[in-house]
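Student: can't give you the sequence, but here's the structure:
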């Protein structure tokens with residue numbers, strides 16, 4: 001199991017949380033399995049940016065993002081060098097520290113997004 005420390009998010013995880021996930025699963029799936037209802041408007045098909053996360057620690061343990069993910073990330077709110085779409089970021093063995101940004105932009109649906 002891989003430990004994920006989720007930093008506090010005012011709506012989704014106010015106190016933060018320490019969870020564990022199976023290597024090979026996406027960060028998004030592990031968050032959802034542990035009751036952290038991260039938005040995933042495109043149903044995890046890499047067509048929006050609503051599941052954007054910032055990987056504060058352990059980023060280099062993740063496989064590199066593919067071009068399609070990188071193109072979408074360019075449009076994500078609060079983009080940082082260690083940003084990933086959680087539906088595309090697959091857990092390895094290395095523990096992670098993950099931050100869920102305050103806002104999202106739904107690239108699959110004009111005018112969408114959590115505010």
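Tutor: Great, that's in hand. None of the values given here were measured: they were computed from a predicted structure.
Student: for stretch 4-23, what is the average pLDDT?
Tutor: In this model, stretch 4-23 carries a mean pLDDT of 97.
Student: now do the same contact list for the residue nearest to the spatial centre of the chain.
Tutor: When Cα atoms, centre = their mean is applied to the chain, the residue found nearest the centroid is residue 86 (2.9 Å). By Cβ atoms under 8 Å, 6 or more residues apart in numbering, residue 86 lies in contact with 26, 27, 28, 31, 38, 40, 51, 52, 53, 98. Quick note: C-beta positions are derived from backbone N, CA and C, even for glycine.
Student: let's see that with 7 Å instead.
Tutor: Counting by Cβ atoms under 7 Å, 6 or more residues apart in numbering, residue 86 touches 26, 27, 28, 31, 38, 51, 53.
Student: could you pull up phi and psi at it?
Tutor: Dihedral pair for residue 86: phi -70, psi -20, per degrees, to the nearest 10.
Student: distance check, residue 104 against residue 85.
Tutor: 11 Å (Cβ to Cβ, to the nearest Å).
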